[in-house]
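Novice: No letters, just coordinates:
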């Protein structure tokens, strides 16, 4: 008996389809070490604290809307001010860029994931815990020691435990920055695609490298500063106690090194974002990419060495002040090269007016205004006159709003289609851009004019006989307009996350590798990691695909008619053919073969 023949698969298989994760979506995201999930959590949390910083700003400006106002008590104003500084800078602007770096950089360099994914998740939770510590103090008594909690305001003379909560929150944030920097540097060092040498690294990823080295320097400095502050306050330390041989100025030096580095971090991240957007929306390659990258390094080094620019009113030897001034003025060269290269990128290009492009242009303008004011204030005699006034406040806010808000929103509009697969709404984007930009200008310029007339910074009230009522009223109205603009983008992001129009995988026609991945990218980022052969890796891939498709195309069909048939030739008799064959040297067999083949078929 013949056995039955098995015609199925060579080996039976057990196939499981649609095996879903039973955990809730937010639980999967919160427990994931995937850099894309961590990046989304960073971005969402940063935008939430951005709304909190906006609320604090508007509340302080409402207190200053009219002279001799008593809407907010002085101690409440100081609490709002103490929380506003670190919320806007450490809990909004820097974490927003940290989220974008965490999400985008592995994609840009062609990596399948970060080198140390658990560190990425740890950096987020340290950041969140730090912010919670600071805001939990509002349940009892927040810090009243000001933006950077200078000593002796934050020393043991302040009995409030809000200063302790502030110090712990900032310390946890410093740990987050250090862990984030280690993960980012390791990923960029080890995860680059084949052929992506340093000169071909996209400028946003290069800026992320510079930022990470900067954070590795300033993070431990501030961590040491707040650790000594906590020891002084709770364990009878004398680090900052002048009566016991301590040095109150030590805290200010350490704190200003950190906050200067944080300021530079926001600007460098904005430089990277603006460079990418200008290149994409002008359809031009980066102009002098290596010069721009080198300028970012010089900008970071010189800027950090100029930290004493913020301390002109302190008893510091004049030689150190002039050193800080020289470092600040020297920053003009790398910053000027960056702006010049942006102009070179845009020149001659086909510029597209899309929301990311508008926000990037606005960011570049406000950053330029803010840096120009900072450099003017870095000249020692000028700094003595306008330091600690509304002029210095306005210069800093021009730069930070340009870099952190407009630059951050430009990045959000630019990479939102990659993160979600959907566009953000263009109507709300346009309204948000104009309200944010005009609101920032209307808020800052009157404060600076009031500062030129002697109004100090961070005061909770002013008097009606000083002639500053109109300035403060206009500035407060500008703050409200600015808040409306920011809220419009937050609403736009929330509404577009699930309801925006589908964008596709490469909506802007970018030239870097993140646009080679799907939108949103799969867990492994890329099915195939390409070789990188130029600064515009994805543009090379497009051109190769077009060239390959052209080579494989069949030749076009001929449109000519059928070829004419050959004219009939009269057949010769067989004998004549044989005789002709003999004359030509043909064999008799050939003649017979031809005769047999050519004869008629019966």
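Specialist: Yep, that arrived. The structure displayed is predicted, hence computed values, not measured ones.

Novice: For the chain, which segments count as strands?
Specialist: Under the criterion DSSP state E, the chain contains no strands.

Novice: for it, what's the longest helix?
Specialist: helix 248-282 (DSSP state H).

Novice: what's it packed up against?
Specialist: Contacts defined by 3 or more C-beta pairs under 8 Å, 6 or more residues apart in numbering; DSSP states H and E place helix 248-282 against helix 94-108, helix 203-234, helix 289-305, helix 332-346, helix 355-378, helix 390-400, helix 407-420. Using the backbone N, CA and C atoms, a C-beta is placed for each residue, glycine as well.

Novice: now the last one: how far from the chain's centre is it?
Specialist: Here the centre of mass of C-alpha atoms in helix 407-420, compared against the chain's by C-alpha atoms, centre = their mean, to the nearest Å, lies 8 Å away.

Novice: What is that helix packed up against?
Specialist: Helix 407-420 packs on helix 35-63, helix 94-108, helix 248-282, helix 355-378, helix 426-452, helix 469-499, going by 3+ C-beta pairs under 8 Å, 6+ apart.

Novice: do the same with the first one
Specialist: Where contact means 3+ C-beta pairs under 8 Å, 6+ apart, helix 94-108 is packed against helix 35-63, helix 117-136, helix 162-190, helix 203-234, helix 248-282, helix 407-420.

Novice: Same list, those helices, but as TSV with mean neighbour count please.
Specialist: Formatted as TSV, those follow (neighbours: other C-beta atoms under 10 Å):
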stretch	mean neighbour count
helix 35-63	21
helix 117-136	20
helix 162-190	23
helix 203-234	22
helix 248-282	24
helix 407-420	26
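
Novice: Looking at those, which is nearest to residue 503?
Specialist: helix 407-420 (3.6 Å; C-beta to C-beta).

Novice: returning to what we had before: redo the helices and strands packed on helix 248-282 as TSV? Include distance to residue 246 and mean pLDDT.
Specialist: Shown next, in TSV, are the helices and strands packed on helix 248-282 (distance: least, C-beta to C-beta, whole Å; pLDDT from 0 to 100):
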stretch	distance to residue 246	mean pLDDT
helix 94-108	30	96
helix 203-234	8	95
helix 289-305	25	96
helix 332-346	37	95
helix 355-378	29	96
helix 390-400	28	95
helix 407-420	39	96
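
Novice: ok, back up a step: between the helices and strands packed on helix 94-108, which one is closest to residue 538.
Specialist: helix 248-282 (10.4 Å).

Novice: how close does residue 241 sit to residue 250?
Specialist: 11 Å (C-beta to C-beta, to the nearest Å).

Novice: for this structure, what are the low-confidence residue spans?
Specialist: 1-22, 156-159, 551-602 (pLDDT under 70).

Novice: mind running it again at 80?
Specialist: 1-26, 152-160, 243, 548-602 (pLDDT under 80).

Novice: before we move on, the earlier item: between the longest helix of the chain and helix 162-190, how big is the angle?
Specialist: 50 degrees (axes from the mean of the first three to the mean of the last three C-alpha atoms, to 10 degrees).

Novice: before we move on, back to that, so which of the helices and strands packed on helix 248-282 is nearest residue 161?
Specialist: helix 203-234 (9.0 Å).

Novice: Give me the helices and strands touching the closest one, please.
Specialist: helix 94-108, helix 162-190, helix 248-282, helix 289-305.

Novice: if I pick residue 271, what's in contact with it?
Specialist: Residue 271 is in contact with 203, 207, 292, 296, 299, 338, counting by C-beta atoms under 8 Å, 6 or more residues apart in numbering.

Novice: quick one: the third one and residue 339 touch, right?
Specialist: No - Residue 292 lies out of contact with residue 339 (C-beta atoms under 8 Å); the separation is 10.0 Å.

Novice: Report the contact partners of residue 481.
Specialist: By C-beta under 8 Å, 6+ apart, the neighbours of residue 481 are 435, 438-439, 442-443.

Novice: Among the residues you listed, which one has the most neighbours?
Specialist: Counting neighbours by other C-beta atoms under 10 Å, residue 443 comes out on top of the contacts of residue 481 with 24 neighbours.

Novice: contacting residues around the closest residue to that one other than its chain neighbours?
Specialist: The shortest distance from residue 443 to any non-neighbouring residue, by C-beta to C-beta, 6 or more residues apart in numbering, is to residue 478 (3.3 Å). Neighbouring residues of residue 478 by C-beta under 8 Å, 6+ apart: 438-444, 446.

Novice: mind redoing it with 6 Å?
Specialist: 439, 442-443 (C-beta atoms under 6 Å, 6 or more residues apart in numbering).

Novice: do the same with residue 460
Specialist: Per C-beta under 6 Å, 6+ apart, neighbours of residue 460: 74, 77.

Novice: hmm, back to that, mind checking how far the residue nearest to residue 443 is from residue 358?
Specialist: 20 Å.

Novice: Residues in contact with stretch 311-330: which ones?
Specialist: 302, 305-306, 308-309, 378, 380, 383-384, 387-388.

Novice: Between those, which sits nearest residue 122?
Specialist: For the contacts of stretch 311-330, the nearest to residue 122 is residue 305 (30.8 Å; C-beta to C-beta).

Novice: The closest one and residue 447: what is the separation?
Specialist: On the measure of C-beta to C-beta, residue 305 and residue 447 end up 28 Å apart.

Novice: Who has more neighbours out of these two?
Specialist: The neighbour count for residue 305 versus residue 447, taken as other C-beta under 10 Å, is higher for residue 447 (26 against 18).

Novice: what's around the residue nearest to that one when sequence neighbours are not counted, how many residues?
Specialist: Leaving aside its chain neighbours, residue 447 sits nearest to residue 390 (4.2 Å; criterion: C-beta to C-beta, 6+ apart). Residues within reach of residue 390, counting by other C-beta under 10 Å, total 29.

Novice: list the contacts for residue 390?
Specialist: 447-448, 450-451, 455, 457.

Novice: Could you double-check that residue 203 sits in contact with residue 272?
Specialist: Yes - using C-beta atoms under 6 Å, residue 203 is in contact with residue 272, at 5.2 Å.

Novice: which residues touch residue 205?
Specialist: By C-beta under 6 Å, 6+ apart, residue 205 lies in contact with 105, 108-109.

Novice: distance of it from residue 98?
Specialist: 14 Å.

Novice: follow-up on the earlier one: which one (most neighbours) among the contacts of residue 390?
Specialist: residue 450 (28 neighbours).

Novice: I'd like to know how far that residue sits from residue 65.
Specialist: 13 Å.

Novice: cool, and residue 265?
Specialist: Using C-beta to C-beta, one obtains 33 Å as the distance from residue 265 to residue 65.

Novice: ditto for residue 201
Specialist: For residue 201 relative to residue 65 (C-beta to C-beta), the value is 48 Å.

Novice: okay, the two: which has more neighbours?
Specialist: residue 201 (23 against 17).

Novice: Just list the residues touching the more buried one, thanks.
Specialist: Listed by C-beta under 6 Å, 6+ apart, residue 201 has no contact partners.

Novice: Can you report phi and psi for it?
Specialist: phi -70, psi 130 (degrees, to the nearest 10).

Novice: Skipping adjacent residues, who's closest to residue 63 in space?
Specialist: residue 72 (4.4 Å).

Novice: Tell me how many other residues surround that neighbour.
Specialist: With other C-beta under 10 Å as criterion, residue 72 counts 18.

Novice: That one contacts residue 65, correct?
Specialist: No - counting by C-beta under 6 Å, residue 72 does not reach residue 65; the two are 11.0 Å apart.

Novice: Farthest pair within the contacts of residue 271?
Specialist: Taking C-beta to C-beta, no two of the contacts of residue 271 sit farther apart than 203 and 299, at 12.9 Å.

Novice: gap between the closest residue to residue 199 other than its chain neighbours and residue 336?
Specialist: Leaving aside its sequence neighbours, residue 199 sits nearest to residue 290 (C-beta to C-beta, 6+ apart; 5.6 Å). Distance of residue 290 to residue 336, computed by C-beta to C-beta: 16 Å.
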